[in-house]
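Novice: Sequence plus the predicted model coming up.
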Amino acid sequence: MAKKLFIKTHGCQMNVYDSARMADVLAPLGYAKTETPDDADMVIINTCHIREKAAEKVFSELGHWRIRKQTAQARGGDVTIAVAGCVAQAEGEELVNRAPFVDLVIGSQAYHRLPELLARAERARVKGSGGPHAAGQGILATEFPAESKFDHLPDEISTAPGPVGYLAIQEGCDKFCTFCVVPYTRGAEYSRPAEAIIREAERLMATGVQEIALLGQNVNAWHGEGPDGSAWSLGRLLRVLNDRFAQSHPRLRWRYTTSHPREMDDDLIAAHGEVAGLMPFLHLPIQAGSDAVLKAMNRGHRAEDYLRIVEKLRAARPDLALSGDFITGFPGETDADFEQTLQLVREARYAAAYSFKYSARPGTPGSLLPKQVPDAVSTERLHALQALLQQQSEAFNRACEGRVLDVLFERPGRQPGQLIGRSQYMQAVYVSDPGLRIGDFLPVTIAGGYANSLAGEIARREAA
Ligand code: 5AD
Ligand code: SF4
(Lines give C-alpha, C1' and ligand atoms only; values in the text may rest on other atoms or scores of the structure.)
(Ligands and ions follow the chains in the order given, each with its own letter.)
Protein backbone atom coordinates (compact mmCIF):
# COMPACT_ATOMS: atom_id res chain seq x y z
CA MET A 1 0.00 0.00 0.00
CA ALA A 2 1.23 3.47 -0.80
CA LYS A 3 2.65 5.36 2.13
CA LYS A 4 1.32 8.85 2.68
CA LEU A 5 3.50 11.94 2.75
CA PHE A 6 2.35 15.25 4.19
CA ILE A 7 4.50 18.32 3.54
CA LYS A 8 3.97 21.61 5.30
CA THR A 9 5.72 24.42 3.47
CA HIS A 10 6.65 27.75 5.03
CA GLY A 11 8.41 30.71 3.48
CA CYS A 12 9.31 31.57 -0.08
CA GLN A 13 8.58 30.08 -3.50
CA MET A 14 11.91 28.30 -3.43
CA ASN A 15 10.58 26.30 -0.51
CA VAL A 16 7.47 25.46 -2.54
CA TYR A 17 9.79 24.20 -5.28
CA ASP A 18 11.93 22.23 -2.80
CA SER A 19 8.84 20.63 -1.28
CA ALA A 20 7.70 19.45 -4.70
CA ARG A 21 11.17 18.04 -5.40
CA MET A 22 11.27 16.23 -2.05
CA ALA A 23 7.98 14.57 -3.01
CA ASP A 24 9.60 13.59 -6.34
CA VAL A 25 12.56 12.04 -4.51
CA LEU A 26 10.26 10.02 -2.25
CA ALA A 27 7.77 8.92 -4.93
CA PRO A 28 9.88 5.91 -6.08
CA LEU A 29 9.88 4.71 -2.46
CA GLY A 30 6.10 4.46 -2.56
CA TYR A 31 5.22 7.76 -0.91
CA ALA A 32 2.21 9.56 -2.32
CA LYS A 33 1.35 13.08 -1.24
CA THR A 34 -1.64 13.67 1.03
CA GLU A 35 -3.30 16.93 2.00
CA THR A 36 -4.67 15.50 5.25
CA PRO A 37 -1.97 15.48 7.95
CA ASP A 38 -3.81 13.02 10.17
CA ASP A 39 -3.26 9.97 8.00
CA ALA A 40 0.35 10.69 7.06
CA ASP A 41 3.10 8.07 7.49
CA MET A 42 5.71 10.74 7.01
CA VAL A 43 5.65 14.47 7.64
CA ILE A 44 8.12 17.01 6.29
CA ILE A 45 8.09 20.50 7.74
CA ASN A 46 9.86 22.73 5.25
CA THR A 47 10.95 25.77 7.21
CA CYS A 48 11.91 29.42 6.80
CA HIS A 49 14.59 31.24 8.79
CA ILE A 50 14.39 34.70 7.24
CA ARG A 51 12.91 36.47 10.28
CA GLU A 52 12.63 35.44 13.92
CA LYS A 53 8.86 34.96 13.72
CA ALA A 54 9.15 32.52 10.83
CA ALA A 55 11.81 30.47 12.61
CA GLU A 56 9.84 30.32 15.88
CA LYS A 57 6.89 28.71 14.14
CA VAL A 58 8.83 25.47 13.72
CA PHE A 59 9.24 24.77 17.40
CA SER A 60 5.59 25.47 18.21
CA GLU A 61 4.46 23.31 15.29
CA LEU A 62 6.74 20.48 16.38
CA GLY A 63 4.85 20.21 19.68
CA HIS A 64 1.81 19.14 17.70
CA TRP A 65 3.75 16.55 15.72
CA ARG A 66 5.32 15.07 18.84
CA ILE A 67 1.85 14.30 20.17
CA ARG A 68 0.83 12.84 16.81
CA LYS A 69 3.87 10.57 16.87
CA GLN A 70 3.24 9.45 20.44
CA THR A 71 -0.37 8.62 19.61
CA ALA A 72 0.67 6.64 16.54
CA GLN A 73 3.30 4.74 18.53
CA ALA A 74 0.83 3.93 21.30
CA ARG A 75 -1.21 2.21 18.58
CA GLY A 76 1.82 0.25 17.41
CA GLY A 77 2.49 2.45 14.39
CA ASP A 78 4.71 5.44 13.77
CA VAL A 79 5.02 8.71 11.89
CA THR A 80 8.39 9.72 10.47
CA ILE A 81 9.02 13.37 11.21
CA ALA A 82 11.48 15.36 9.12
CA VAL A 83 12.43 19.02 9.39
CA ALA A 84 13.83 20.50 6.19
CA GLY A 85 14.69 23.94 4.83
CA CYS A 86 16.49 26.92 6.26
CA VAL A 87 15.79 26.37 9.99
CA ALA A 88 17.10 22.82 9.58
CA GLN A 89 20.19 24.26 7.90
CA ALA A 90 20.80 27.01 10.45
CA GLU A 91 19.66 25.36 13.67
CA GLY A 92 20.05 21.67 12.90
CA GLU A 93 22.14 20.83 15.99
CA GLU A 94 19.70 22.59 18.25
CA LEU A 95 16.81 20.81 16.60
CA VAL A 96 18.18 17.32 17.13
CA ASN A 97 19.00 18.18 20.75
CA ARG A 98 15.79 19.99 21.62
CA ALA A 99 13.44 17.74 19.66
CA PRO A 100 14.80 14.16 19.80
CA PHE A 101 11.52 12.79 18.40
CA VAL A 102 12.40 14.38 15.05
CA ASP A 103 13.73 11.54 12.89
CA LEU A 104 15.49 13.60 10.23
CA VAL A 105 16.89 17.11 9.98
CA ILE A 106 17.66 17.84 6.33
CA GLY A 107 19.44 20.96 5.17
CA SER A 108 18.62 22.79 1.95
CA GLN A 109 21.38 21.04 -0.02
CA ALA A 110 20.87 17.47 1.21
CA TYR A 111 17.32 16.49 0.35
CA HIS A 112 18.29 14.45 -2.70
CA ARG A 113 19.68 12.02 -0.09
CA LEU A 114 16.28 11.44 1.52
CA PRO A 115 16.05 7.72 0.56
CA GLU A 116 19.38 6.91 2.20
CA LEU A 117 18.63 9.08 5.24
CA LEU A 118 15.25 7.43 5.67
CA ALA A 119 16.84 3.98 5.55
CA ARG A 120 19.29 5.07 8.23
CA ALA A 121 16.50 6.44 10.40
CA GLU A 122 14.65 3.15 9.96
CA ARG A 123 17.72 1.18 11.07
CA ALA A 124 18.24 3.41 14.12
CA ARG A 125 14.64 2.72 15.05
CA VAL A 126 15.06 -1.07 14.82
CA LYS A 127 18.28 -1.01 16.85
CA GLY A 128 16.76 1.03 19.66
CA SER A 129 15.02 -0.89 22.42
CA GLY A 130 12.43 1.06 24.36
CA GLY A 131 11.68 3.82 21.88
CA PRO A 132 12.34 5.01 18.39
CA HIS A 133 15.38 7.01 19.41
CA ALA A 134 16.83 4.91 22.17
CA ALA A 135 19.77 4.50 19.80
CA GLY A 136 20.28 8.28 19.75
CA GLN A 137 18.81 11.39 18.31
CA GLY A 138 17.46 12.12 14.91
CA ILE A 139 19.75 12.12 11.91
CA LEU A 140 21.33 15.42 10.98
CA ALA A 141 22.19 16.08 7.31
CA THR A 142 23.15 19.71 6.87
CA GLU A 143 26.49 19.57 5.07
CA PHE A 144 26.96 21.42 1.79
CA PRO A 145 28.03 18.70 -0.68
CA ALA A 146 30.73 19.39 -3.27
CA GLU A 147 28.34 18.48 -6.08
CA SER A 148 25.09 20.29 -6.68
CA LYS A 149 21.96 18.50 -5.48
CA PHE A 150 20.38 19.38 -8.84
CA ASP A 151 22.58 16.73 -10.46
CA HIS A 152 20.97 14.10 -8.25
CA LEU A 153 17.30 14.97 -8.35
CA PRO A 154 14.98 12.71 -10.34
CA ASP A 155 13.74 13.75 -13.77
CA GLU A 156 10.19 12.68 -13.03
CA ILE A 157 7.67 15.16 -11.66
CA SER A 158 5.52 13.07 -9.30
CA THR A 159 2.59 15.48 -8.87
CA ALA A 160 1.32 17.94 -11.48
CA PRO A 161 1.84 21.40 -9.97
CA GLY A 162 -1.33 22.97 -11.40
CA PRO A 163 -1.47 25.97 -13.74
CA VAL A 164 1.72 27.58 -12.40
CA GLY A 165 5.02 25.71 -12.21
CA TYR A 166 8.13 26.76 -10.32
CA LEU A 167 11.55 26.08 -11.74
CA ALA A 168 14.69 26.76 -9.66
CA ILE A 169 17.43 27.97 -12.00
CA GLN A 170 19.74 29.47 -9.41
CA GLU A 171 20.31 29.01 -5.74
CA GLY A 172 22.30 30.64 -2.97
CA CYS A 173 23.72 34.08 -2.51
CA ASP A 174 27.16 35.70 -2.45
CA LYS A 175 25.91 39.20 -1.73
CA PHE A 176 25.93 39.04 2.07
CA CYS A 177 23.49 41.81 2.85
CA THR A 178 24.19 42.39 6.52
CA PHE A 179 20.63 41.61 7.67
CA CYS A 180 20.16 38.38 5.75
CA VAL A 181 20.59 34.70 6.63
CA VAL A 182 20.29 33.41 3.06
CA PRO A 183 24.03 33.30 2.25
CA TYR A 184 24.42 31.04 5.30
CA THR A 185 21.32 28.87 4.92
CA ARG A 186 21.43 28.41 1.14
CA GLY A 187 25.16 28.59 0.55
CA ALA A 188 27.13 30.02 -2.37
CA GLU A 189 25.55 31.12 -5.63
CA TYR A 190 25.01 28.27 -8.04
CA SER A 191 23.52 28.47 -11.54
CA ARG A 192 22.04 25.41 -13.23
CA PRO A 193 23.07 24.78 -16.85
CA ALA A 194 20.68 26.04 -19.53
CA GLU A 195 19.99 22.57 -20.93
CA ALA A 196 18.87 21.19 -17.56
CA ILE A 197 16.53 24.17 -17.23
CA ILE A 198 15.08 23.66 -20.72
CA ARG A 199 14.46 19.97 -20.00
CA GLU A 200 12.73 20.75 -16.71
CA ALA A 201 10.58 23.39 -18.45
CA GLU A 202 9.54 20.74 -21.00
CA ARG A 203 8.55 18.34 -18.23
CA LEU A 204 6.56 21.04 -16.46
CA MET A 205 4.72 21.86 -19.67
CA ALA A 206 3.94 18.18 -20.19
CA THR A 207 2.02 18.33 -16.87
CA GLY A 208 -0.09 21.18 -18.29
CA VAL A 209 1.42 24.25 -16.63
CA GLN A 210 0.63 27.53 -18.37
CA GLU A 211 3.00 29.75 -16.48
CA ILE A 212 6.55 29.12 -15.30
CA ALA A 213 8.24 31.15 -12.59
CA LEU A 214 12.02 30.88 -12.75
CA LEU A 215 13.35 30.96 -9.21
CA GLY A 216 16.53 31.87 -7.43
CA GLN A 217 17.55 33.81 -4.34
CA ASN A 218 19.49 35.96 -6.80
CA VAL A 219 17.77 34.84 -9.95
CA ASN A 220 19.11 37.60 -12.16
CA ALA A 221 22.65 36.68 -11.12
CA TRP A 222 22.08 33.44 -13.04
CA HIS A 223 25.05 32.76 -15.29
CA GLY A 224 24.55 29.12 -16.16
CA GLU A 225 26.42 27.27 -18.82
CA GLY A 226 24.84 27.42 -22.27
CA PRO A 227 24.91 24.47 -24.69
CA ASP A 228 27.93 26.11 -26.33
CA GLY A 229 29.89 25.90 -23.09
CA SER A 230 29.93 29.66 -22.47
CA ALA A 231 28.24 31.38 -19.52
CA TRP A 232 24.84 32.79 -20.46
CA SER A 233 22.94 35.62 -18.81
CA LEU A 234 19.31 35.57 -17.68
CA GLY A 235 18.28 37.86 -20.56
CA ARG A 236 19.60 35.31 -23.02
CA LEU A 237 17.98 32.39 -21.20
CA LEU A 238 14.59 34.12 -21.26
CA ARG A 239 14.84 34.75 -25.00
CA VAL A 240 15.85 31.15 -25.68
CA LEU A 241 13.09 29.71 -23.48
CA ASN A 242 10.45 31.96 -25.01
CA ASP A 243 11.53 31.19 -28.60
CA ARG A 244 11.79 27.50 -27.92
CA PHE A 245 8.21 27.15 -26.67
CA ALA A 246 6.55 29.96 -28.67
CA GLN A 247 5.22 27.52 -31.31
CA SER A 248 4.06 24.70 -29.08
CA HIS A 249 2.81 26.88 -26.19
CA PRO A 250 2.07 30.32 -27.64
CA ARG A 251 0.30 31.61 -24.53
CA LEU A 252 2.83 30.40 -21.97
CA ARG A 253 3.69 33.06 -19.35
CA TRP A 254 7.16 33.54 -17.88
CA ARG A 255 8.23 35.30 -14.69
CA TYR A 256 11.41 35.34 -12.64
CA THR A 257 12.04 36.09 -8.99
CA THR A 258 13.83 37.37 -6.85
CA SER A 259 16.17 39.89 -8.42
CA HIS A 260 18.93 42.09 -7.10
CA PRO A 261 19.30 45.63 -8.51
CA ARG A 262 23.05 45.11 -9.02
CA GLU A 263 22.39 42.27 -11.47
CA MET A 264 19.80 44.09 -13.59
CA ASP A 265 21.90 44.36 -16.76
CA ASP A 266 20.84 46.17 -19.94
CA ASP A 267 20.19 42.95 -21.84
CA LEU A 268 17.78 41.73 -19.15
CA ILE A 269 16.08 45.13 -19.06
CA ALA A 270 15.71 45.02 -22.87
CA ALA A 271 14.21 41.52 -22.61
CA HIS A 272 11.24 43.09 -20.80
CA GLY A 273 10.38 44.91 -24.01
CA GLU A 274 11.23 42.08 -26.39
CA VAL A 275 10.25 38.72 -24.92
CA ALA A 276 6.55 38.31 -25.65
CA GLY A 277 5.79 35.78 -22.91
CA LEU A 278 7.64 37.65 -20.16
CA MET A 279 5.02 39.18 -17.88
CA PRO A 280 5.05 42.95 -17.22
CA PHE A 281 5.78 42.52 -13.54
CA LEU A 282 9.06 42.63 -11.65
CA HIS A 283 9.85 42.04 -8.00
CA LEU A 284 12.96 44.14 -7.43
CA PRO A 285 13.67 44.71 -3.74
CA ILE A 286 15.62 47.77 -2.60
CA GLN A 287 15.04 47.40 1.20
CA ALA A 288 15.60 51.10 2.06
CA GLY A 289 15.80 54.50 0.38
CA SER A 290 18.73 56.06 2.25
CA ASP A 291 22.22 55.62 0.87
CA ALA A 292 23.66 55.47 4.39
CA VAL A 293 21.34 52.58 5.26
CA LEU A 294 21.94 50.84 1.92
CA LYS A 295 25.66 51.05 2.64
CA ALA A 296 25.26 49.65 6.15
CA MET A 297 23.18 46.86 4.61
CA ASN A 298 26.01 46.14 2.15
CA ARG A 299 23.61 46.37 -0.78
CA GLY A 300 26.27 47.64 -3.17
CA HIS A 301 24.08 50.27 -4.83
CA ARG A 302 22.57 53.67 -4.09
CA ALA A 303 18.93 54.75 -4.20
CA GLU A 304 19.63 56.70 -7.36
CA ASP A 305 21.02 53.60 -9.13
CA TYR A 306 17.79 51.79 -8.35
CA LEU A 307 15.64 54.62 -9.68
CA ARG A 308 17.67 54.71 -12.94
CA ILE A 309 17.07 50.96 -13.38
CA VAL A 310 13.34 51.42 -12.83
CA GLU A 311 13.35 54.24 -15.36
CA LYS A 312 15.09 52.07 -17.94
CA LEU A 313 12.72 49.18 -17.26
CA ARG A 314 9.74 51.44 -17.84
CA ALA A 315 11.28 52.78 -21.04
CA ALA A 316 11.56 49.14 -22.22
CA ARG A 317 8.11 48.12 -20.94
CA PRO A 318 5.89 51.13 -20.13
CA ASP A 319 3.21 49.13 -18.31
CA LEU A 320 5.66 47.26 -16.06
CA ALA A 321 4.22 46.73 -12.57
CA LEU A 322 6.92 47.09 -9.94
CA SER A 323 7.11 45.26 -6.65
CA GLY A 324 9.65 45.47 -3.83
CA ASP A 325 10.72 44.49 -0.34
CA PHE A 326 11.45 46.95 2.46
CA ILE A 327 12.91 46.73 5.93
CA THR A 328 12.24 49.39 8.56
CA GLY A 329 14.40 49.97 11.62
CA PHE A 330 17.68 48.61 10.32
CA PRO A 331 20.41 49.50 12.90
CA GLY A 332 21.35 53.18 12.65
CA GLU A 333 18.28 54.18 10.59
CA THR A 334 17.30 57.74 11.56
CA ASP A 335 14.02 59.56 10.95
CA ALA A 336 15.72 61.35 8.05
CA ASP A 337 16.86 58.01 6.56
CA PHE A 338 13.35 56.65 6.84
CA GLU A 339 11.93 59.77 5.18
CA GLN A 340 14.17 58.90 2.20
CA THR A 341 12.58 55.46 2.01
CA LEU A 342 9.17 57.13 1.75
CA GLN A 343 10.55 59.49 -0.89
CA LEU A 344 11.95 56.60 -2.91
CA VAL A 345 8.60 54.82 -2.77
CA ARG A 346 6.88 57.96 -4.05
CA GLU A 347 9.30 58.18 -6.96
CA ALA A 348 9.43 54.48 -7.88
CA ARG A 349 5.63 53.91 -7.65
CA TYR A 350 4.93 50.33 -6.57
CA ALA A 351 2.08 48.13 -7.74
CA ALA A 352 2.69 45.80 -4.79
CA ALA A 353 5.27 45.44 -2.02
CA TYR A 354 6.27 43.52 1.07
CA SER A 355 7.58 45.37 4.09
CA PHE A 356 9.03 44.05 7.30
CA LYS A 357 10.34 45.26 10.61
CA TYR A 358 14.04 44.51 10.92
CA SER A 359 14.63 41.26 12.76
CA ALA A 360 18.17 40.74 14.05
CA ARG A 361 19.29 37.29 12.92
CA PRO A 362 21.95 35.37 14.82
CA GLY A 363 25.21 35.12 12.94
CA THR A 364 24.58 38.05 10.58
CA PRO A 365 26.75 41.19 10.77
CA GLY A 366 23.64 43.36 11.24
CA SER A 367 22.89 41.72 14.57
CA LEU A 368 26.23 43.00 15.91
CA LEU A 369 25.82 46.61 14.77
CA PRO A 370 25.49 49.33 17.40
CA LYS A 371 22.42 51.58 17.39
CA GLN A 372 19.75 48.91 17.12
CA VAL A 373 16.47 50.78 16.58
CA PRO A 374 13.84 50.45 19.34
CA ASP A 375 10.98 48.16 18.38
CA ALA A 376 8.34 50.88 18.82
CA VAL A 377 10.18 53.09 16.31
CA SER A 378 10.52 50.29 13.72
CA THR A 379 6.84 49.52 14.16
CA GLU A 380 5.76 53.12 13.69
CA ARG A 381 7.88 53.41 10.55
CA LEU A 382 6.52 50.13 9.24
CA HIS A 383 2.96 51.40 9.62
CA ALA A 384 3.74 54.68 7.87
CA LEU A 385 5.46 52.83 5.02
CA GLN A 386 2.67 50.31 4.68
CA ALA A 387 0.07 53.09 4.54
CA LEU A 388 1.93 54.65 1.60
CA LEU A 389 2.48 51.32 -0.17
CA GLN A 390 -1.19 50.43 0.27
CA GLN A 391 -2.20 53.77 -1.26
CA GLN A 392 -0.02 52.97 -4.25
CA SER A 393 -1.24 49.43 -4.74
CA GLU A 394 -4.83 50.58 -4.41
CA ALA A 395 -4.26 53.34 -6.97
CA PHE A 396 -2.66 50.81 -9.33
CA ASN A 397 -5.53 48.37 -8.88
CA ARG A 398 -8.19 51.05 -9.23
CA ALA A 399 -6.62 52.20 -12.48
CA CYS A 400 -7.36 48.71 -13.84
CA GLU A 401 -11.13 49.14 -13.43
CA GLY A 402 -12.80 48.85 -16.81
CA ARG A 403 -9.75 47.21 -18.39
CA VAL A 404 -9.70 43.66 -19.70
CA LEU A 405 -6.83 41.69 -18.12
CA ASP A 406 -5.58 38.18 -18.91
CA VAL A 407 -6.21 35.98 -15.91
CA LEU A 408 -4.90 32.49 -15.26
CA PHE A 409 -7.14 30.85 -12.64
CA GLU A 410 -5.15 29.04 -9.98
CA ARG A 411 -7.23 28.23 -6.90
CA PRO A 412 -10.70 28.27 -5.38
CA GLY A 413 -11.92 31.35 -3.53
CA ARG A 414 -13.92 31.37 -0.29
CA GLN A 415 -17.33 31.79 -1.90
CA PRO A 416 -18.93 28.90 -3.75
CA GLY A 417 -18.28 29.18 -7.49
CA GLN A 418 -15.50 31.71 -6.93
CA LEU A 419 -12.00 31.27 -8.31
CA ILE A 420 -8.84 33.31 -7.81
CA GLY A 421 -6.39 33.90 -10.61
CA ARG A 422 -3.49 36.17 -11.41
CA SER A 423 -3.42 38.96 -13.96
CA GLN A 424 -0.34 39.59 -16.08
CA TYR A 425 0.58 42.19 -13.41
CA MET A 426 0.43 39.53 -10.66
CA GLN A 427 -2.70 40.95 -9.05
CA ALA A 428 -5.06 38.47 -7.41
CA VAL A 429 -8.31 38.53 -9.41
CA TYR A 430 -11.56 37.16 -7.93
CA VAL A 431 -14.27 35.95 -10.30
CA SER A 432 -17.52 34.15 -9.45
CA ASP A 433 -18.79 32.15 -12.37
CA PRO A 434 -20.24 28.65 -12.28
CA GLY A 435 -18.60 27.70 -15.58
CA LEU A 436 -15.09 28.61 -14.44
CA ARG A 437 -12.40 25.93 -13.87
CA ILE A 438 -8.91 25.98 -12.37
CA GLY A 439 -6.48 26.27 -15.27
CA ASP A 440 -8.80 28.49 -17.34
CA PHE A 441 -6.89 31.37 -18.88
CA LEU A 442 -9.40 34.02 -19.91
CA PRO A 443 -9.88 37.74 -20.48
CA VAL A 444 -11.56 39.33 -17.46
CA THR A 445 -13.25 42.74 -17.34
CA ILE A 446 -12.18 44.38 -14.10
CA ALA A 447 -15.13 45.76 -12.14
CA GLY A 448 -13.39 46.65 -8.87
CA GLY A 449 -9.83 47.45 -7.83
CA TYR A 450 -8.96 47.26 -4.13
CA ALA A 451 -5.85 47.44 -1.97
CA ASN A 452 -4.86 43.79 -2.44
CA SER A 453 -7.05 42.38 -5.17
CA LEU A 454 -9.32 42.89 -8.16
CA ALA A 455 -12.82 41.61 -8.87
CA GLY A 456 -14.17 41.05 -12.34
CA GLU A 457 -16.23 39.11 -14.83
CA ILE A 458 -15.27 36.89 -17.72
CA ALA A 459 -15.16 39.10 -20.80
CA ARG A 460 -15.22 36.27 -23.34
CA ARG A 461 -15.22 32.51 -23.05
CA GLU A 462 -12.37 32.05 -25.44
CA ALA A 463 -8.77 33.16 -25.11
CA ALA A 464 -7.94 36.68 -26.25
N1 5AD B 1 14.68 41.29 8.98
C2 5AD B 1 13.60 41.74 8.30
N3 5AD B 1 13.38 41.45 7.01
C4 5AD B 1 14.28 40.67 6.38
N5 5AD B 1 14.33 40.23 5.11
C6 5AD B 1 15.43 39.46 4.98
N7 5AD B 1 16.11 39.41 6.13
C8 5AD B 1 15.41 40.16 7.01
C9 5AD B 1 15.60 40.50 8.38
N10 5AD B 1 16.66 40.08 9.06
C11 5AD B 1 13.36 40.60 4.09
C12 5AD B 1 14.02 41.36 2.94
C13 5AD B 1 14.05 40.35 1.86
C14 5AD B 1 12.80 39.54 2.15
C15 5AD B 1 12.74 38.21 1.50
O16 5AD B 1 12.79 39.42 3.54
O17 5AD B 1 13.20 42.45 2.62
O18 5AD B 1 14.03 40.92 0.57
FE1 SF4 C 1 19.66 38.04 1.30
FE2 SF4 C 1 20.80 40.17 0.11
FE3 SF4 C 1 21.31 37.70 -0.80
FE4 SF4 C 1 18.87 38.79 -1.15
S5 SF4 C 1 20.82 39.56 -2.02
S6 SF4 C 1 19.32 36.69 -0.46
S7 SF4 C 1 18.62 39.97 0.71
S8 SF4 C 1 21.88 38.51 1.21
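Specialist: Perfect, thanks for sending it. Numbering: from 1, shown residues only. Ligands and ions are numbered 1, 2, ... in the order given.

Novice: Give me the distance from the lowest-mean-pLDDT helix or strand in the chain to the chain's centre.
Specialist: Scoring the helices and strands of the chain by mean pLDDT, DSSP states H and E places helix 114-127 at the bottom, with a mean of 86. Its chain's C-alpha centre and that of helix 114-127 lie 30 Å apart, by Cα atoms, centre = their mean, to the nearest Å.

Novice: can you give me the strands in the stretch 301-450 of the chain?
Specialist: 321-328, 352-357, 404-412, 418-422, 428-432, 441-449 (DSSP state E, counting those that start in this stretch).

Novice: Switch those strands over to TSV; also include distance to S148, mean neighbour count and mean pLDDT.
Specialist: (Glycine included, C-beta is placed from N, CA and C.) Below are the strands of the stretch 301-450 of the chain laid out as TSV (distance: least, Cβ to Cβ, whole Å; neighbours: other Cβ atoms under 10 Å; pLDDT from 0 to 100):
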stretch	distance to S148	mean neighbour count	mean pLDDT
strand 321-328	27	22	98
strand 352-357	29	18	98
strand 404-412	30	19	98
strand 418-422	31	21	98
strand 428-432	34	20	98
strand 441-449	34	18	98
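
Novice: Would you tell me which of the ones you listed gets closest to ligand 2?
Specialist: strand 321-328 (7.8 Å; Cβ to the nearest ligand atom).

Novice: ok, the closest one near ligand 2 or not?
Specialist: No. Applying Cβ under 6 Å from any ligand atom, one finds strand 321-328 separated from ligand 2 by no less than 7.8 Å.

Novice: Relative to H10, how far out is R244?
Specialist: Distance, R244 to H10, using Cβ to Cβ, to the nearest Å: 34 Å.

Novice: These two: who's more crowded?
Specialist: H10 (21 against 13; other Cβ atoms under 10 Å).

Novice: ok, that one touching C48?
Specialist: Yes. Checked against Cβ atoms under 8 Å, the pair H10 and C48 is within contact range at 4.5 Å.

Novice: what touches both of these two?
Specialist: A54, K57, G85 (Cβ atoms under 8 Å, 6 or more residues apart in numbering).

Novice: mind checking pLDDT for whichever residue of the stretch 201-350 of the chain sits closest to ligand 2?
Specialist: Per Cβ to the nearest ligand atom, Q217 is where the stretch 201-350 of the chain lies closest to ligand 2, at 4.4 Å. Listed pLDDT for Q217 reads 97.

Novice: so it sits in a helix?
Specialist: No. Assigned with DSSP: H, G, I helix; E, B strand; the rest coil, Q217 falls outside any helix and is coil.

Novice: and the closest residue in space to it that isn't next to it in sequence, how many neighbours?
Specialist: Distances taken as Cβ to Cβ, 6 or more residues apart in numbering put C173 closest to Q217, at 4.8 Å, once the chain neighbours are dropped. For C173, the neighbour count with other Cβ under 10 Å is 22.

Novice: Helix, strand, or coil at C173?
Specialist: coil.

Novice: Look up how far W232 lies from it.
Specialist: Distance, C173 to W232, by Cβ to Cβ: 20 Å.

Novice: what's the closest non-adjacent residue to A160?
Specialist: A160 sits nearest to T207 (Cβ to Cβ, 6+ apart), 4.0 Å away.

Novice: Spit out the contact partners of that neighbour.
Specialist: T207 neighbours (Cβ under 8 Å, 6+ apart): I157, A160, P161, G165.
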